[in-house]
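Structure for this input, please:
(chains A and B)
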Amino acid sequence: MANFDSGTSGGSRIVRRFRVITIIELSMLVVFAFLPLLLSVVWSADDSFFWIVFTTKVLILSLFGLSFDLVWGFGGMLSFGQALFFGGSGYVVAVLARDLDVSSAFIVIPLSVIVGLILALLLAAFLLVARKPPSLIFIALGSLTGAYAAERLARAWYYLGGQNGVSVTHPLTIGNIELYEGVGFYYLAFGFLFFVYLGCRFLVRSQFGLVLAGIRQQEERIKFFGYQVQTYKVIMFTLGGGIAGLAGGLYAFHEGFVWPTLMGPTYSTQAVLYVLFGGVGTLAGALIGVAAIEFATMFLADYFQNIWPIILGGLLLVVVVFRPTGLVGLLVSERERIGSFRWRGNKKEESGNE
Amino acid sequence: MALLEANGIRKVYGELTALDGAELTVESNQFHGLIGPNGSGKTTLLKCIAGAETVTAGTVWFMGDEITNNSAASRARSGMSLKFQITSVFDLLSVYDNVLLSLQADQPPWPLICSRTRRDLHSGVMNILQQFRLAAHADALAGELSHGQKQWLEIGMAMAPNPKLLLLDEPTAGMSPEERRVTGELLRPIKSTCSMLIVEHDLDFIKDMSDVITVLEQGRVLERGTPRHIESSERVQEVYVTRV
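The predicted model follows:
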């Protein structure tokens, strides 16, 4: 609330709504949409190929980050098991490609979403549905345990390739088109991110999103209106799982293999860091966090080979301590972050452009 | 058939017996005051009725159904609305959104995801805001309101879904005399549509508002009757003189 300018009149407040976030979103949309073009102008084919592969990874991981932001930033559940859905669906599509030669995007993509949804629903049934509402710690540790168990299982199971994981030797196919790393895959990931982001934005700015905002602020209070808080939480948790699953399926085909760490605590923590760094509960923050951390990791690993994790950790700590709302929180007020859910006549409503 | 009936309510916290067989009946379109010295169990009884506490023994009936073991959310959906003692408006949401949150609570998640009723509920929200003198603050954050305004917003939110029974826990706590007067004015017209159970420390306010008053003392009903009857009751006077 610190940034909120209470001196303005009601009218100008309305005009100010969402402006900063919308500008951030539109800038990202433009940058990501034209990046391959820009890269091919600036760099040689080899260099620009490297950067396209890198940004494709960023786009896919952005889906992963987005899924955690939905669950934590909007659903108020600290899931430390987000990688379970990500890696879990990655493994499923990798094994299917290996054993049954399934590589059609029309099967792989829906399947990875469904695997994520089912895994999340199962975990939600275990963690969230009880007489008393589960505590933050219970959800965090419960989901962490789930991810840890899955990683251990994958490490020890020969069928899943043990420590080595599973290679995905097929490219993703759409009809007769084979999608290898590069511009094609880039735009596939971009398309999914665009529509998933749009869907998330629509959801969190809807009346449903208002209920979520209420739950985050006063979970006990909102029950006395008649809301079944657990239903909302299960929906958000499951949805987050589905999106993480989508990311996992894409990631498996883009990277060309899946390995046990992918569904363990390391990647789960990664998701948490992306969102904390970029900005919790803003959607855009998840994307910025992924881009910033992935870029910093690559850059630091190049120049400070031995101490880069320490530098990265220090940077994260600085942001989280001084700006708990992350990088986006530097630009966006608390008020804008939470938003307004009022019906505003026939004027343009909140949902719309990315 | 009474709207609300609470029979033989016992509530025990460890060693402490907060309620020891309290009885309460609220008729339709009745304003029912609940008073008693500090620690007599007023708020506990209200919480047991609203579902914020589970009873140790006893039954609660609402509109002919037993609701003793129902969740707070299910009681709210059946037409019971609670205003908390400590204002618990959603500080980071606008005043408008606070009321909308209350007004849309009867809908399942799917229509809410599509924001199907955002437009239809707009006039309902504005009516409540006007009724409770908050229309000018619709876009302000609820956290920026004065204490009295927060109480009104809270009452407005409790009234928004057209409940059958409104449970008010100290609606005038911390208010100036002028704000109290306005609160009384805001509540009176509600009687035509809704019953009310008020817990209140301000005896003048409650005498003024209530048709029937129940006096609690140490978890039991000490006296029950019209405000005039309660005023002249020696037992009540004794408790209030010695205990307050």
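
For stretch B:57-76, list every residue counted as buried.
For stretch B:57-76, a neighbour-count test (16 or more other C-beta atoms under 10 Å in any protein chain shown) marks B:58, B:60-63, B:67-68, B:70, B:72-73, B:75-76 as buried. To be clear about C-beta, it is placed using only N, CA and C from the backbone, and glycine gets the same treatment.

From the residues you listed, pick out the ones that also neighbour chain A.
Filtering the buried residues of stretch B:57-76 for proximity to chain A by C-beta under 8 Å from any C-beta of the partner chain leaves B:72-73, B:76.

In the chain, what helix or strand scores lowest on average pLDDT?
Since no chain was named, I'll use chain A. Counting by mean pLDDT, DSSP states H and E, chain A has its least confident helix or strand at helix A:10-16, which shows a mean of 45.

Not quite, go with chain B.
With mean pLDDT, DSSP H and E as the measure, the helix or strand of chain B carrying the lowest mean pLDDT is helix B:234-243 (a mean of 76).

CA atoms only: put that helix into PDB for me.
Output in PDB follows, covering the C-alpha atoms of helix B:234-243 (Å, rounded to 0.1, in the frame of the first residue of the first chain):
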ATOM      1  CA  GLU B 234     -34.500  -6.800  39.900                       C
ATOM      2  CA  ARG B 235     -32.400  -9.800  39.000                       C
ATOM      3  CA  VAL B 236     -31.000  -8.100  36.000                       C
ATOM      4  CA  GLN B 237     -30.300  -4.900  38.000                       C
ATOM      5  CA  GLU B 238     -28.600  -6.900  40.700                       C
ATOM      6  CA  VAL B 239     -26.200  -8.500  38.200                       C
ATOM      7  CA  TYR B 240     -25.400  -5.300  36.400                       C
ATOM      8  CA  VAL B 241     -24.900  -3.400  39.700                       C
ATOM      9  CA  THR B 242     -22.700  -6.000  41.200                       C
ATOM     10  CA  ARG B 243     -20.800  -7.200  38.100                       C
END
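
From the contact counts, what lies against it?
Counting contacts by 3 or more C-beta pairs under 8 Å, 6 or more residues apart in numbering or on different chains; DSSP states H and E, helix B:234-243 is packed against strand B:212-217, strand B:220-225.

Quick check: buried residues in the last one?
It stands for strand B:220-225. By 16+ other C-beta under 10 Å, the buried positions in strand B:220-225 come out as B:220-224.

ok, of those, which one's closest to chain A?
Nearest to chain A among these, counting by C-beta to the nearest C-beta, is residue B:221 at 25.3 Å.

Can you check the pLDDT for the closest one?
At residue B:221 the predicted local confidence, pLDDT, stands at 90.

go on, residue A:67?
Residue A:67 carries a pLDDT score of 96 in this model.

Residue A:191 too?
With respect to pLDDT, residue A:191 scores 95.

on that earlier part again, next, the angle from the least confident helix or strand of chain B to strand B:212-217.
Direction vectors for helix B:234-243 and strand B:212-217, defined by axes from the mean of the first three to the mean of the last three C-alpha atoms, to 10 degrees, enclose an angle of 50 degrees.

quick one: helix B:234-243 to chain centroid distance?
25 Å (C-alpha atoms, centre = their mean, to the nearest Å).

List the contacts of it.
Helix B:234-243 is touched from outside by B:36-38, B:215, B:217, B:222-223, B:230, with contacts defined as C-beta atoms under 8 Å, 6 or more residues apart in numbering or on different chains.

All the helices of chain B, in order from the start?
Defined through DSSP state H, the helices belonging to chain B, from first to last, are B:42-50, B:72-77, B:95-103, B:109-113, B:118-131, B:147-159, B:177-187, B:203-209, B:227-232, B:234-243.

Which among these is found nearest to residue A:168?
Closest of the helices of chain B to residue A:168 is helix B:109-113, at 34.5 Å (criterion: C-beta to C-beta).

Phi and psi next, for whichever residue of the stretch 51-200 of chain A sits closest to chain B.
For the stretch 51-200 of chain A, the residue positioned closest to chain B under C-beta to the nearest C-beta is residue A:131, at a distance of 9.1 Å. The phi/psi pair for residue A:131 (degrees, to the nearest 10) reads phi -60, psi -50.

ok, and the most crowded of the contacts of helix B:234-243?
Each of those was scored for neighbours by other C-beta atoms under 10 Å in any protein chain shown, and residue B:36 scores highest at 28 neighbours.

measure that one to residue A:65 for me?
Distance from residue B:36 to residue A:65, counting by C-beta to C-beta, to the nearest Å: 55 Å.

tell me the SS of the residue nearest to residue A:216 when sequence neighbours are not counted?
Residue nearest to residue A:216 in three dimensions, not counting chain neighbours: residue A:76, with 4.4 Å by C-beta to C-beta, 6 or more residues apart in numbering or on different chains. Secondary structure for residue A:76, judged by DSSP: H, G, I helix; E, B strand; the rest coil, is coil.

Which residues are in contact with residue A:76?
With contacts taken as C-beta under 8 Å, 6+ apart, residue A:76 has the following neighbours: A:212, A:215-216, A:219, A:233.

Select from these every entry located in helices.
Filtering the contacts of residue A:76 for helices - DSSP H - leaves A:212, A:215-216, A:219, A:233.

Generate TSV for these, with neighbour count as supplementary columns.
Converted to TSV, those look like this (neighbours: other C-beta atoms under 10 Å in any protein chain shown):
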residue	neighbour count
A:212	25
A:215	22
A:216	18
A:219	14
A:233	24
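
Of those residues, which is the nearest to chain B?
Set against chain B, the nearest of the ones in helices among the contacts of residue A:76 by C-beta to the nearest C-beta is residue A:216 (8.8 Å).
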